[in-house]
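> the sequence isn't on hand, but the structure is:
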């Protein structure tokens with residue numbers, strides 16, 4: 001059963017109210033159509049329900065449509081509400097708020113992408129924070145962001161590591177010196193991840209897994225060791 005999110009506005013357009021009620025329907029297709037309709041006819045009174053629904057919606061495509069609907073509203077209304085979600089105890093609420101903030105692209109939200117979010121213990125929140133940070137960070141903060149992101153090298157599974165590498169590559173040349181520093185890490189996983197990311201930085205079309213394998217080979221056998 002889908003969670004019912006109360007609608008408190010007494011002045012809301014009845015049609016919008018019905019659409020927002022439909023966001024809690026059991027059928028995924030109904031929720032998707034409702035989110036599309038709300039975004040097509042944006043109403044500022046819908047913001048609280050849309051944000052709350054993001055935190056509990058189980059379907060990826062519906063969540064993405066909810067994000068789109070929020071981007072259709074004035075950012076003066078949506079951004080403060082999304083920033084409040086970053087302190088939620090629910091990982092999906094934090095992750096989806098970060099994702100939506102990155103889609104809105106309001107640089108004023110940058111200070112809210114804190115180191116604690118970039119190091120969030122939930123991998124999906126951290127991955128979303130990395131992507132959002134790259135979008136929102138002003139030019140003068142990108143070097144410091146690269147330094148912060150390198151503290152997460154070696155973390156997680158393939159998907160987590162690839163997300164981090166992609167974020168560092170997106171930062172461009174400011175990432176190169178901090179990646180070189182990470183090559184001296186005592187942790188072989190950090191070194192391999194740093195070298196793989198460095199290779200992607202120089203060749204964004206390179207495949208990630210072979211780059212990691214090559215990095216491991218270099219640190220295991222040395223640069224002149226036999227090829228795998």
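Right, received. Where do you want to start? Computed from a predicted model, the values in this text were never measured in an experiment.

> tell me how many other residues surround residue 80.
Using other CB atoms under 10 Å, residue 80 is surrounded by 11 other residues. C-beta here means a position set from N, CA and C on the backbone, and glycine is covered the same way.

> quick check: it vs residue 119, distance?
Distance, residue 80 to residue 119, using CB to CB, to the nearest Å: 24 Å.

> wait, residue 37 sits on residue 19?
Yes. Under the criterion of CB atoms under 8 Å, residue 37 makes contact with residue 19 at 5.1 Å.

> so which of these two has more stuff around it?
Comparing residue 37 with residue 19 by other CB under 10 Å, the one with more neighbours is residue 19, at 23 against 17.

> so the more buried one is in which element?
Element membership of residue 19, judged by DSSP states H and E, is helix 14-22.

> and residue 65, how close does it get to residue 170?
Residue 65 is 25 Å from residue 170, by CB to CB.

> between the two, tell me which one has more neighbours.
Each of residue 65 and residue 170 has its neighbours counted (other CB under 10 Å); residue 65 has more, 23 against 16.

> list the contacts of that one.
When contacts are counted by CB atoms under 8 Å, 6 or more residues apart in numbering, residue 65 touches 32, 35, 36, 39.

> could you count how many residues lie near the last one?
Residue 39 has 20 neighbouring residues, counting by other CB under 10 Å.

> try the third one
As a burial measure, the neighbour count of residue 36 was computed by other CB under 10 Å and equals 16.

> now it. Nearest residue, chain neighbours left out?
Nearest residue to residue 36, sequence neighbours excluded (CB to CB, 6 or more residues apart in numbering): residue 65, at 5.7 Å.

> in which helix or strand would I find that neighbour?
Using DSSP H and E, residue 65 sits in helix 60-71.

> report the angle between that helix and helix 14-22.
Here helix 60-71 points in a direction 150 degrees away from that of helix 14-22 (axes from the mean of the first three to the mean of the last three CA atoms, to 10 degrees).

> buried ones in helix 60-71?
By neighbour count with 16 or more other CB atoms under 10 Å, helix 60-71 contains the buried residues 62, 63, 64, 65, 66, 67, 68, 69, 70, 71.

> cool, stretch 127-138 as well?
Buried, per 16+ other CB under 10 Å, within stretch 127-138: 127, 128, 129, 130, 131, 132, 133, 134, 135, 136, 137.

> contacts for it?
Identification of contacts with stretch 127-138 by CB under 8 Å, 6+ apart yields 94-96, 98-99, 101-102, 105-107, 109-110, 113, 117-118, 120, 145, 149, 152, 159-160, 163-164, 166-167, 170-171.

> is it true that residue 22 touches residue 32?
No. Using CB under 8 Å, residue 22 is not in contact with residue 32, being 9.9 Å away.

> so for those two, which residue has more residues nearby?
Neighbours per residue (other CB under 10 Å) separate residue 22 from residue 32, with residue 32 holding more: 21 against 17.

> surely the more buried one touches residue 62?
Yes. The criterion here is CB under 8 Å, and residue 32 meets it with residue 62 at 5.1 Å.

> turn the buried residues of helix 60-71 into TSV, columns for distance to residue 183 and pLDDT.
TSV is the format used below for the buried residues of helix 60-71 (distance: CB to CB, whole Å; pLDDT from 0 to 100):
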residue	distance to residue 183	pLDDT
62	42	98
63	38	97
64	37	97
65	42	97
66	41	98
67	37	98
68	41	98
69	44	97
70	41	98
71	39	98
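
> ok, these vs residue 89, which is closest?
Checking the buried residues of helix 60-71 against residue 89 by CB to CB gives residue 63 as the nearest, at 18.5 Å.
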